[in-house]
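Colleague: Any chance you can model this:
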Amino acid sequence: MNQKDFQILAHLRRNARMPLTIMSRKANIPVSTIFDRLKANENSLIIKHTSLIDFAKLGYNVRANITFKVEREDKEPVKEFLTKNCSVNSLFRISNGYDFLAECIFRQILEMDNFLEEIEQKFRIKDKQVFFIVEELKREEFLANPELIA
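Modeller: Next comes the predicted model:
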């Protein structure tokens, strides 16, 4: 990847709905070049276009990162359960003694308690830790500032 590619990605990360003509002016790259590079990277480098949502404004006031350590035999079933659960926003396989990190979103703590109870009843959970997200300070900013790309 060259400097132009990083400039395009930075503008895309900042605002994926920015018209290519405006991106062209800001990055000083021809529209045709931007279009061709975006098409070439679609579904490979660019995995998904999405929107960041303020869940609290929708009534989802409980956000938590939950780590799970599970029995070896339960890793795949737990992964499948977490992947399909609508309260799990993001799921990661992690190291350092734990198997999964799930970013979860709930309306109330009771929903989270029910979620944790269900997973503990269905699978052999060796350990779990819950970290409530109190305030979001920074999100999805890596490679999102075209001015910092040198």
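
Colleague: and residue 103, how many residues sit next to it?
Modeller: 16 (other CB atoms under 10 Å). The C-beta positions use only the backbone N, C-alpha and C, and glycine is treated the same way.

Colleague: my hunch is that it is in a strand, does that hold up?
Modeller: Yes. Under DSSP: H, G, I helix; E, B strand; the rest coil, residue 103 sits within a strand.

Colleague: That one contacts residue 55, doesn't it?
Modeller: No. The pair residue 103 / residue 55 is not scored as a contact, 10.8 Å apart, by CB atoms under 8 Å.

Colleague: joint contacts of these two?
Modeller: Overlap of the contact sets of residue 103 and residue 55 (by CB atoms under 8 Å, 6 or more residues apart in numbering) consists of residue 63.

Colleague: Contacts only, for the residue nearest the centre of the chain.
Modeller: Centroid-nearest residue in the chain: residue 90, 5.4 Å away (criterion: CA atoms, centre = their mean). Shown in contact with residue 90 (CB under 8 Å, 6+ apart): 102, 103.

Colleague: buried set for the host helix or strand of it?
Modeller: Per DSSP states H and E, residue 90 falls inside strand 88-93. Buried residues in strand 88-93, counting neighbours by 16 or more other CB atoms under 10 Å, are found at residue 88.

Colleague: Could you give the average pLDDT over that strand?
Modeller: Across strand 88-93, pLDDT averages out at 98.

Colleague: what's downstream of the helix or strand residue 39 falls within, the next helix or strand?
Modeller: Residue 39 is part of helix 31-41, with elements assigned from DSSP H and E. Later in the chain than helix 31-41, the nearest helix or strand by DSSP H and E is strand 62-70.

Colleague: Check which helices and strands that following strand sits against.
Modeller: helix 75-84, strand 100-106, helix 109-122, strand 125-132 (3 or more CB pairs under 8 Å, 6 or more residues apart in numbering; DSSP states H and E).

Colleague: average pLDDT across the shortest one?
Modeller: Going back to what we said before, that points to strand 100-106. Averaging pLDDT along strand 100-106 yields 98.

Colleague: Appreciated, that's everything.
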